[in-house]
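Participant: A structural model of the following input is requested.
(one chain, ligands or ions: 1)
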Amino acid sequence: MPELTIAVGKGRMQDETLELLARSGVSVSRSALKSRRLAIEDESGAYRFVFVKPSDVPVYVEHGIADCGVVGRDVLLESAADLLQPLDLRIGFCRIAVATHAGQSRPVTGALRVATKYPQITAAHFGARGVPVEIIELSGSVELAPVLGLADCIVDLVETGRTLSENGLEVVEVIAESSARLVVNRASYQLKATAVSRLLEALSRGLGKGVAG
Ligand code: PRP
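Facilitator: From the prediction side, this is the model:
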């Protein structure tokens, strides 16, 4: 019976997360990884991993279905979930930025139309500056919005910057830096303190440092 269930975001950070876990002595067999199973155990049987959409990681952890999760700070800033964040895993580095057409200042009349997958971050960012915005919520390929005239600019995640440059866009302003965080359910942190400490110590070893205070 696994001691802890850990929700891992599928996609961009999944491989880096599994590499960090392996460096920390938590291994998942190749055959389990090759399968399409969405819930697998590590080789010791101590951990069960569930692979979910990154934006769903805080949901699983807050509800206690998963004790812990690995998720980007970008997702946590967008989420209102009440979670403990004991460790910066120093993988999945990226920025959340405002971007628009490269080298062109286009006059905007009325509210700025901003396309994004991050409506909360966008509203907070422009709201703090007193800039009226119309937020156009998309679920992917956000860079297309200014190119096709759906929006004046975007708020999106930038990792290498390639998607922006190949679509004729550039960063105007960085809103926040992001990296992957270990998040823990508040009740699990108390009730499964020994298992959570063991995981934190293993990950800290994997990161090449002592447990963060
Ligand atoms: C993210 C983000 C950008 C891209 C940035 O999208 O929304 O589109 O990656 O990466 P880059 O700076 O290295 O080019 P993702 O791959 O998660 O897919 P999505 O468009 O479906 O959200």
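Participant: Quickly list the domain ranges of the chain.
Facilitator: The record's domain parsing of the chain by automatic domain parsing lists 4-92+179-212, 94-177.
Participant: can you give me the mean pLDDT across the longest helix anywhere in the chain?
Facilitator: In the chain, with assignment by DSSP state H, the single longest helix is helix 193-206. For helix 193-206, mean pLDDT is 97.
Participant: buried stuff in that helix?
Facilitator: For helix 193-206, the neighbour count (16 or more other C-beta atoms under 10 Å) marks 195, 196, 199, 200, 202, 203, 204, 206 as buried. C-beta coordinates here come from the backbone N, C-alpha and C atoms, glycine included.
Participant: Tell me the residues on this protein that lie near the ligand, please.
Facilitator: Contacts of the chain with the ligand, taken as C-beta under 6 Å from any ligand atom, map to 12, 140-143, 156-163.
Participant: Apply 8 Å and report the result again.
Facilitator: 11-12, 94, 117, 139-143, 156-164, 166 (C-beta under 8 Å from any ligand atom).
Participant: From these, list the buried ones, please.
Facilitator: So, by 16+ other C-beta under 10 Å, the buried ones in the residues of the chain next to the ligand are 94, 117, 142, 143, 156, 157, 158, 163, 164.
Participant: Could you pull out the helices in the protein for me?
Facilitator: Using DSSP H, helices in the chain cover 14-23, 30-34, 57-62, 73-78, 119-128, 144-148, 162-166, 186-191, 193-206.
Participant: which one of those has the lowest average pLDDT?
Facilitator: Across the helices of the chain, helix 30-34 gives the lowest mean pLDDT, at a mean of 85.
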